[in-house]
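Colleague: build the 3D model from these lines:
(chains A and B)
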Number of protein chains: 2
Amino acid sequence: MNILIVYAHPEPQSLNGALKDFAVKRLEDAGHRVEVSDLYAMNWKPQIDSADNLAYVNDGPFNPAVDSRRAYEQGTQSQDIAAEQEKLAWADAVIFQFPLWWFSMPAIMKGWVERVYAYGFAYGVGEHSDSHWGDRYGEGNMAGKRAMLVVTTGGWESHYSARGINGPVDDLLFPIQHGVLYYPGFDVLPPLVFYRTGKTDEARFRQLCDTYGQRLDTLFSTPPIPYRQQNGGDYEIPALTLKEAFAEGQRGFGVHLKE
Amino acid sequence: MNILIVYAHPEPQSLNGALKDFAVKRLEDAGHRVEVSDLYAMNWKPQIDSADNLAYVNDGPFNPAVDSRRAYEQGTQSQDIAAEQEKLAWADAVIFQFPLWWFSMPAIMKGWVERVYAYGFAYGVGEHSDSHWGDRYGEGNMAGKRAMLVVTTGGWESHYSARGINGPVDDLLFPIQHGVLYYPGFDVLPPLVFYRTGKTDEARFRQLCDTYGQRLDTLFSTPPIPYRQQNGGDYEIPALTLKEAFAEGQRGFGVHLKE
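Modeller: Numbers count the residues shown, from 1 in each chain, chains lettered A, B, ... in the order given. Predicted coordinates:
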């Protein structure tokens, strides 16, 4: 299969760099084709701006969404954006590997999302009607592809547990897993989170690789997180609230999982 | 009082630009001193890297945390980072105003957090012992200062409601409000979120300004979100899980609010 690794760490000789190298080898040894978008090495431009449209015309206030659609439709997107979209189209699965910085992905990777996720490509897709509010949350151009987060953090697992002070890791990652990955149609696998990575000796590194390797070996068989499809009948449209019959009396991120 | 507005939008003539201009005038008219960090106008560098330490020595793998501490302690931080830290030290309140892009702050603002929040300045502060796990979550160098998010989104309020498909807005913002603002000690005010801002005519703009103005007029009197202090006795240390006596049987972001 074709696998894209979107990876963000400034130091190749870091734990993240070593884990990424391990993943590439493991996947290639299993017969997959692998592409890596090493955002720091590529000197990826994080901030969205009018330079992202090579044919940008300054004929009024710059609107990022409108201009993104225009560039995508006209084929005038900056080459770095178009290249990443081609990789996404090529990929059967995408792995996002990064250190958790301030409870989210590094800025350089957030900027990858903002710029590569063009209007018409990752949002603003499909028709809007009384029963269908765009192709999103389970539908969209990434439908049929798989995605998985691989995250390192210096914090302890208990700090990210159900009652841990940082908040449960699944909830912290919901804006990414549901909002960035499921939104354009990815099947999202449970995340792989490595804790206390500030102190990783050789033995511990081999343990991490074992765990990572198992997740890579089962990349196409692990059941995805069972999020509810937006247009599958579970939500009121256009309010996009979960119908009362489902997850009765409950609220929060958890209601968006099928029972 | 001294108020810093950290602001991210690429277009000065946008709704965000107009709201920011309104806020500056409102605050100055009330007698406050205002500084604006207009990240796009400043061409803010989003990605953390070794250039952030002007005295960086390549004597081994680059470790962002270690090098951040070294630069902060030695006074060799990049000038743009030091300048923002000075603004934070000067400010009595900080407003972060941004469009919600992919359920979080724009990459350029995330990069402001990553680079300005140096080790020793915003984390890695204070002593670690059996009863005190660093000065964080309610303690730290931002203690005594207030912070507030002002966020625009094209989505509807119902989409961000308790059972809305995007997730409740307070939960989406928890990684920022609790993880980025409360962590170094800010008192965090309830966020101001403007929905459906894709279609803002003049009458609606005046409504938004009225609402924004009221929040600015009460910036120093609005009760902050009652997050629990990490070292205040509510958490087990070092597990940093909420003690069983509090929010019994509950889990998730909500348990970190005082009852």
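Colleague: neighbours of residue A:59, how many?
Modeller: Neighbour count of residue A:59, defined by other CB atoms under 10 Å in any protein chain shown: 6. From N, CA and C alone the C-beta is placed, and that goes for glycine too.
Colleague: relative to residue A:70, how far out is it?
Modeller: 11 Å (CB to CB, to the nearest Å).
Colleague: next: residue A:204.
Modeller: Using CB to CB, residue A:204 is found at 49 Å from residue A:70.
Colleague: also residue A:145?
Modeller: 26 Å.
Colleague: what of residue A:181?
Modeller: Residue A:181 sits 26 Å away from residue A:70, going by CB to CB.
Colleague: residue with max distance from the center of chain A?
Modeller: residue A:59 (33.7 Å; CA atoms, centre = their mean).
Colleague: mind checking the SS state of that one?
Modeller: coil (DSSP: H, G, I helix; E, B strand; the rest coil).
Colleague: now swap in residue A:82 and tell me
Modeller: At residue A:82 the chain is in helix, as set by three-state DSSP.
Colleague: residue contacts, it?
Modeller: Contact analysis of residue A:82 by CB atoms under 8 Å, 6 or more residues apart in numbering or on different chains lists residue A:75.
Colleague: now do 10 Å
Modeller: Taking CB atoms under 10 Å, 6 or more residues apart in numbering or on different chains as the criterion, residue A:82 is in contact with A:54, A:71, A:72, A:75, A:76, A:116, A:118, A:121.
Colleague: which of those residues are buried?
Modeller: Among these, those that count as buried by neighbour count (16 or more other CB atoms under 10 Å in any protein chain shown) are A:71, A:72, A:116, A:118, A:121.
Colleague: roughly how far does the nearest residue to the fourth one once chain neighbours are set aside sit from residue A:120?
Modeller: Residue nearest to residue A:118 in three dimensions, not counting chain neighbours: residue A:72, with 4.2 Å by CB to CB, 6 or more residues apart in numbering or on different chains. In this structure, residue A:72 and residue A:120 are separated by 5 Å, where distance is defined by CB to CB.
Colleague: now do residue A:192
Modeller: 31 Å.
Colleague: still on that earlier bit, assumed the residue nearest to residue A:118 was part of a helix.
Modeller: Yes - using three-state DSSP, the assignment for residue A:72 is a helix.
Colleague: I'd assumed residue A:53 was in contact with it.
Modeller: Yes - counting by CB atoms under 10 Å, residue A:53 is a contact partner of residue A:72 at 9.0 Å.
Colleague: which neighbours do those two have in common?
Modeller: The contact sets of residue A:72 and residue A:53 overlap at A:81, A:118 (CB under 10 Å, 6+ apart).
Colleague: picking that back up, which one's more surrounded, residue A:181 and residue A:70?
Modeller: Neighbours per residue, other CB under 10 Å: of residue A:181 and residue A:70, the larger number sits with residue A:181, 26 against 19.
Colleague: export stretch A:43-54 to PDB, keeping only CA atoms.
Modeller: In PDB, the C-alpha atoms belonging to stretch A:43-54 read as follows (Å, rounded to 0.1, in the frame of the first residue of the first chain):
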ATOM      1  CA  ASN A  43      11.300  24.300   5.400                       C
ATOM      2  CA  TRP A  44       7.600  24.100   5.200                       C
ATOM      3  CA  LYS A  45       5.900  27.600   5.300                       C
ATOM      4  CA  PRO A  46       3.400  27.500   8.200                       C
ATOM      5  CA  GLN A  47       1.400  30.600   7.700                       C
ATOM      6  CA  ILE A  48      -1.500  30.800   5.200                       C
ATOM      7  CA  ASP A  49      -1.300  34.000   3.100                       C
ATOM      8  CA  SER A  50      -2.000  35.400  -0.400                       C
ATOM      9  CA  ALA A  51       1.300  34.000  -1.700                       C
ATOM     10  CA  ASP A  52      -0.400  30.600  -1.600                       C
ATOM     11  CA  ASN A  53      -2.200  31.500  -4.800                       C
ATOM     12  CA  LEU A  54       0.400  32.000  -7.500                       C
END
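Colleague: let me see the mean pLDDT of that stretch.
Modeller: The predicted model assigns stretch A:43-54 a mean pLDDT of 97.
Colleague: which SS class is the residue positioned nearest the centre of chain A?
Modeller: For chain A, the residue nearest the mean C-alpha position is residue A:181 (4.4 Å; CA atoms, centre = their mean). Here residue A:181 is helix, with the state taken from three-state DSSP.
Colleague: so who does it touch?
Modeller: Contact analysis of residue A:181 by CB under 10 Å, 6+ apart lists A:94, A:96, A:113, A:142, A:145-149, A:173, A:187-189, A:224-225, A:227.
Colleague: what about chain B: which of these touch it?
Modeller: Of the residues in the contacts of residue A:181, proximity to chain B by CB under 10 Å from any CB of the partner chain holds for A:113, A:173, A:227.
Colleague: in a strand, the first one, correct?
Modeller: No - note on residue A:113: no strand contains this position according to three-state DSSP, which reports helix.
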